[in-house]
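Q: Prediction below, plus the sequence it came from.
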Amino acid sequence: MASTVVGKSGRAYVQGDMLQRHREDHTLSIFKAESGEESFILKRVPRPFYDLSLRLAAEFTGSRRLRMHIDCNPEEGILVYPYFRGTLLDLVQEDPDFPPAERRKILRRVGEAIQELHAKDWMHTDVKPDNILANWTCDKEGTKTVTDVALGDFDIASKSDTEEPRRTPFAMGNVMWRSPEGQTGRGVTKASDLFSFGLVCIYALGGGELLLLNDYQELVKSGIKPEQEILIRHFSYFGPVSEGLLKQVNSED
């Protein structure tokens, strides 16, 4: 018998296929669900992220560029999200001929999403292709046209009402898409989101081979940390690190 989750709204969602299995806690896996004629995503989350999501949804009610949950189950800690067909990562990997104009459309809307976040002093801190969600149509010739785009996954998002950089004892975000300061966890600001977004743009528009790592194991065998290799590639591609960034990363709390 299929499991049914009832949202705070009173709407019932019939749980379907597992879309993503959580590596450590299977109860936190992500499922597709159906309600009436519509598809949704069910995501059971830890209480801190559940509470964070409530704060975000309250501030960004009605946003079309940020994927906020549209229903919830407080007792089980379940968030209900709109369903999207795939991510920017899926589109680039599975369809090398995905039209450049449609890629730019996605990137423009992601830029608008980041701007919307930053306007209210929020930082995403994990901008990457698999956190960019999209819907599209496909004509008889197989050409895709993007119809909807949203930036999602705010697990490590934070808000700061001051201009002070965010500091943590560990690196934040995905190693492949972090800014230089994100690799250290020191001095992260709104500009860090923009650096990650710039990497996403380069990747989406065909420059991925210059920046991405395909074989972590070979690096490890050579005694090189992925973070080191990523930073070397970034500085080789973009030029020497600025004095301002060095001061920001090395400054004490």
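A: That came through fine.
Q: in the stretch 1-150 of the chain, which spans are strands?
A: Using DSSP state E, counting those that start in this stretch, the strands assigned to the stretch 1-150 of the chain run over residues 4-6, 12-20, 30-35, 38-44, 71-73, 78-82, 86-87, 122-123, 132-138, 144-151.
Q: Please convert those to CSV, extending it with mean neighbour count.
A: The C-beta positions use only the backbone N, C-alpha and C, and glycine is treated the same way. Shown next, in CSV, are those (neighbours: other C-beta atoms under 10 Å):
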stretch, mean neighbour count
strand 4-6, 15
strand 12-20, 14
strand 30-35, 17
strand 38-44, 20
strand 71-73, 20
strand 78-82, 21
strand 86-87, 18
strand 122-123, 23
strand 132-138, 18
strand 144-151, 18
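Q: Mind checking those strands for the one nearest to Ser179?
A: Between Ser179 and these, the shortest gap by C-beta to C-beta is with strand 122-123, which sits at 11.0 Å.
Q: That closest one pairs with which strands, and in what direction?
A: Looking at strand 122-123 with DSSP bridges, its partner strands are strand 158-159 (antiparallel).
Q: Mind listing residues that contact whichever helix or strand comes after the partner strand?
A: As assigned by DSSP states H and E, the chain's next helix or strand after strand 158-159 is helix 190-202. Applying C-beta atoms under 8 Å, 6 or more residues apart in numbering, the contact partners of helix 190-202 are 88, 107, 110-111, 114, 117-118, 123-129, 132, 173, 176-182, 208, 210-211.
Q: Would you show me how to pick out the buried ones of these in PyMOL?
A: Command for PyMOL, covering only those of those found buried under the criterion 16 or more other C-beta atoms under 10 Å:
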select buried, resi 88+107+110+111+114+117+118+123+124+125+126+127+128+129+132+173+176+177+178+179+180+181+182+208
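Q: picking up where we left off before, just so I know, which of the strands of the stretch 1-150 of the chain lies nearest Leu231?
A: Leu231 lies closest to strand 122-123 among the strands of the stretch 1-150 of the chain, at 20.5 Å (C-beta to C-beta).
Q: for the record, mean pLDDT for that closest one?
A: The predicted model assigns strand 122-123 a mean pLDDT of 96.
Q: just checking, Ile230 touches Pro180?
A: No - contact status for Ile230 versus Pro180: not in contact, 9.1 Å apart, counting by C-beta atoms under 8 Å.
Q: out of everything not next to it in sequence, what's closest to the residue nearest the centre of the chain?
A: With distances taken as C-alpha atoms, centre = their mean, the residue of the chain nearest its centroid is Asn131 (2.8 Å). Closest residue in space to Asn131, ignoring its immediate chain neighbours: Asp153 at 4.3 Å, by C-beta to C-beta, 6 or more residues apart in numbering.
Q: Would you quantify the distance from the one you found to Ile224?
A: Separation of Asp153 from Ile224 (C-beta to C-beta, to the nearest Å): 28 Å.
Q: So for those two, which sits in the more crowded spot?
A: Each of Asp153 and Ile224 has its neighbours counted (other C-beta atoms under 10 Å); Asp153 has more, 18 against 13.
Q: hang on, the more buried one is in a strand, isn't it?
A: No - counting by DSSP: H, G, I helix; E, B strand; the rest coil, Asp153 is not found in a strand; it is coil.
Q: With just CA atoms, put the longest helix anywhere in the chain into CSV.
A: Taking DSSP state H as the criterion, the chain has its longest helix at helix 100-119. Extracted in CSV, the C-alpha atoms of helix 100-119 (Å, rounded to 0.1, in the frame of the first residue of the first chain):
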residue,chain,number,x,y,z
PRO,A,100,22.7,27.9,-26.1
ALA,A,101,19.8,30.3,-26.0
GLU,A,102,17.9,28.1,-23.5
ARG,A,103,21.1,27.7,-21.4
ARG,A,104,21.4,31.5,-21.2
LYS,A,105,17.7,31.7,-20.3
ILE,A,106,18.3,29.4,-17.3
LEU,A,107,21.4,31.4,-16.2
ARG,A,108,19.6,34.7,-16.4
ARG,A,109,16.8,33.4,-14.2
VAL,A,110,19.3,32.0,-11.7
GLY,A,111,21.0,35.4,-11.6
GLU,A,112,17.6,36.9,-10.8
ALA,A,113,17.1,34.3,-8.0
ILE,A,114,20.5,35.2,-6.4
GLN,A,115,19.7,38.9,-6.7
GLU,A,116,16.3,38.2,-4.9
LEU,A,117,18.1,36.4,-2.1
HIS,A,118,20.8,39.0,-1.7
ALA,A,119,18.3,41.8,-1.6
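Q: Cool, thanks, signing off.
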